[in-house]
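# next input, structure requested:
(2 chains, ligands or ions: 1)
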Amino acid sequence: MGKTLAEKILSAGTGNDARAGDMVIARVDLVFIQDTTGPLTIKQFQASGLKRLANPQRTVVFIDHAAPSPTSTLSNDHLFLRQFAQETGAILSELGSGVCHQLVAESLARPGDIVVGSDSHTVTAGGLGAFATGMGSSDVAVAMGLGKTWFRVPESIRVVVSGDFPKGVGAKDLILHLIGRIGVDGATYKALEFSGAAVAAMSMSQRFTIANMVVEAGAKVGLFPADETTRKYLVAQGRGDDYEPLSPDGDAVYEQTIEINVAELEPTVARPHRMDNTALARELKGTKIQQVFIGTCTNGRLEDLAVAAGILKGKKCHPATRLIIAPASRQVLLEAIKAGYLQTLVEAGATILPAGCGPCLGLHQGVLGDGEACLSTANRNFKGRMGNPEAFVYLASPATAAATAISGEITDPREVL
Amino acid sequence: MLRGRAFKFGDSISTDHIIPGRYAHLRSNLPELAKHVLEDADPSFVSKVKKGDFIVAGSNFGLGSSREHAPLVIKMAGVSAILARSVARIFFRNAINLGLPVLICDTDHIDDGDELEVDLAEGTVKDLTNGRELTFGRIPEVMLRILDEGGLISYIQKHGDFKL
Ligand code: SF4
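Coordinates of the predicted model:
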């Protein structure tokens, strides 16, 4: 009997035949923490009695969530993280480098790797074929010290994607559509495995957007095959040697198959306060938006900024709507400068934040006022997510975000393309 | 045997309801952080909950972020177990890793304020207020052993490694 991607990677990681439902202990190839969950992870690591990191060169401490730090307490957390990295030899990713998941994708994760991070969007690296999943501080602390962890091998749901994206519709609309269809617990404990002609045609940036949000349907991991597109991406990142082709067996067993024809999709929005509370952008016309945010590990990549700049070129943001942009990494920032996207966006009235999480989690840099609504390209819109439980967060693609910034209300980007 | 009152919550209580991101600056000051537990779902929870009480929720409790602070502040508030129809994956693992039992059962007939008695070994919940008895799903073996040692960190302190 053939294997799914999850079964293949976990079999290689345990040296045994790992099948859906099995409990296994697997090697961990990359482990990381970030600045809001990291301090507790370090305290748990210290309490566990595990003295050394199993693999310091594959252990990373990211300062990205509250960076630069807005308060002295968070600055002290950063000091603690830096000190830990220095003492243990872990790699330190300083503020301004970018969001952990983007940096893991750009420079660290390899196809077939098992990646554990103390952040739920660790799943992003599934876009290049890594079994990447988020865990809490205790689990990550133990993975840092032992270089392994236990997993229940997940059942897989196959998502077969066909068709060509219509103009103005992209990966974000696809994943929002899927979450709206199966619900915020539609894939709990499961792997979502993507395949089909439309997946083969997708850029890495689109794959990362989709993999990033599988956790919003409860999934443990979202896996893409590693193919020619993956190889070219790794070569362009200067790490062609990290490439390894990866695909599921033809006779692998799936719990369920979901088919999506992207040609039938329209620009999609998740309304407050749940990711599966979806509607079409055109159905929400007239919904006033005070803040538009483009960025995050979901949609803060170069392609996303290119889409936004394309729509905003020669235009101005609506006077009642502020536009905030946070590139996902320093590489994205530099490339956006070179391509002229930042100039276009700033001329349209955008405020550019440092590479990092920005206002995504409600800690700083764009907290909403009472009754205000934000249309964000992020992945979560829980009540209180952007720092104020009296505010409202809508999730959409960079194209919908840019069109909305111009009109001041939720707008289908096809109206301005 | 655990005994306490039920605090009833609905479906999809997220980690942002349990401990909002806006309090991330308090994450290294746990006693202060714990004062905000479940604030965005029920602002009066923290003033009413007593040691031994239970959280009784609908489906998909704890969805969202991987912050272990979420089950940690619930435990610090004195909650002895969480009963829910279903629980999000990372939260489930985190709670067990902190020694906080999470019991999957049909919570529909438990009302807010009911007196409950939970027998972890037998796998039963008795609602002393309405006389009903429920059973809850088995916790996977590896998690039971972690729970028995009071959580993952004490498990590792004792055994130094995982055993399946
Ligand atoms: S960008 Fe947002 S979702 Fe992504 S890691 Fe940062 S806070 Fe989390």
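# wait, B:R138 sits on B:A121?
No. Assessed by CB atoms under 8 Å, B:R138 is found out of contact with B:A121, at 11.9 Å. Any C-beta I mention is one placed from the backbone N, CA and C, and that applies to glycine too.
# out of these two, which sits in the busier spot?
Neighbour comparison, B:R138 and B:A121: the larger count goes to B:R138, with 10 against 6 (by other CB atoms under 10 Å in any protein chain shown).
# ok, the more buried one - contacts?
B:G123 (CB atoms under 8 Å, 6 or more residues apart in numbering or on different chains).
# now do the strands in chain B.
Here chain B has its strands, by DSSP state E, at B:2-8, B:54-57, B:81-84, B:102-104, B:115-119, B:124-127, B:133-135.
# those strands: which one's closest to A:A348?
strand B:54-57 (44.5 Å; CB to CB).
# mean confidence (pLDDT) on that closest one, please.
Across strand B:54-57, pLDDT averages out at 98.
# wait, does that strand make contact with chain A?
No. Using CB under 8 Å from any CB of the partner chain, strand B:54-57 stays clear of chain A, coming no nearer than 12.6 Å.
# so what are the sheet partners of that strand and their directions?
Strand partners for strand B:54-57, identified by DSSP bridges, are recorded as strand B:2-8 (parallel), strand B:81-84 (parallel).
# mean pLDDT added to the ones you listed, as CSV?
Output for the strands paired with strand B:54-57, formatted as CSV (pLDDT from 0 to 100):
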stretch, mean pLDDT
strand B:2-8, 98
strand B:81-84, 98
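# tell me the most buried of the ones you listed?
Compared across the strands paired with strand B:54-57, strand B:81-84 shows the largest average neighbour count, a mean of 24 (mean count of other CB atoms under 10 Å in any protein chain shown).
# residues in contact with that strand?
The set of residues that contact strand B:81-84 without belonging to it, under CB under 8 Å, 6+ apart, is B:2, B:6, B:54-59, B:61, B:71, B:74, B:95, B:100-105, B:107, B:110, B:116, B:118, B:120, B:125, B:136.
# I'd like the strands of chain B as TSV, with distance to A:R19 appended.
Shown next, in TSV, are these (distance: least, CB to CB, whole Å):
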stretch	distance to A:R19
strand B:2-8	36
strand B:54-57	32
strand B:81-84	28
strand B:102-104	23
strand B:115-119	33
strand B:124-127	32
strand B:133-135	28
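# so who does the residue of chain B most remote from its centre touch?
Among the C-alpha atoms of chain B, the one most distant from their mean position (CA atoms, centre = their mean) is that of B:G160, at 26.0 Å. B:G160 sits next to A:G49 when contact means CB under 8 Å, 6+ apart.
# need the nearest residue in space to residue 50, chain neighbours excluded.
In the absence of a named chain, chain A is used. Distances taken as CB to CB, 6 or more residues apart in numbering or on different chains place A:G145 nearest to A:L50, at 2.8 Å, with adjacent residues excluded.
# to clarify, I was referring to chain B.
Spatial nearest neighbour of B:K50, chain neighbours left out: B:G78 (6.1 Å); criterion: CB to CB, 6+ apart.
# and B:S154, by the same measure?
If you skip the residues right next to it in sequence, B:S154 has B:G99 as its closest partner in space, 7.6 Å away by CB to CB, 6+ apart.
# pretty sure that neighbour is touching B:I153, no?
No. The pair B:G99 and B:I153 does not pass the contact test of CB under 8 Å, sitting 9.2 Å apart.
# looking at those two, which one has more neighbours?
The residue with the greater number of neighbours, taking B:G99 and B:I153 and applying other CB under 10 Å, is B:I153; the counts read 25 against 18.
# right, and that one touches A:A47 too?
Yes. Taking contacts as CB under 8 Å, B:I153 lies within contact range of A:A47: 5.1 Å.
# what helix or strand is A:A143 on?
Taking DSSP states H and E as the definition, A:A143 sits inside helix A:137-146.
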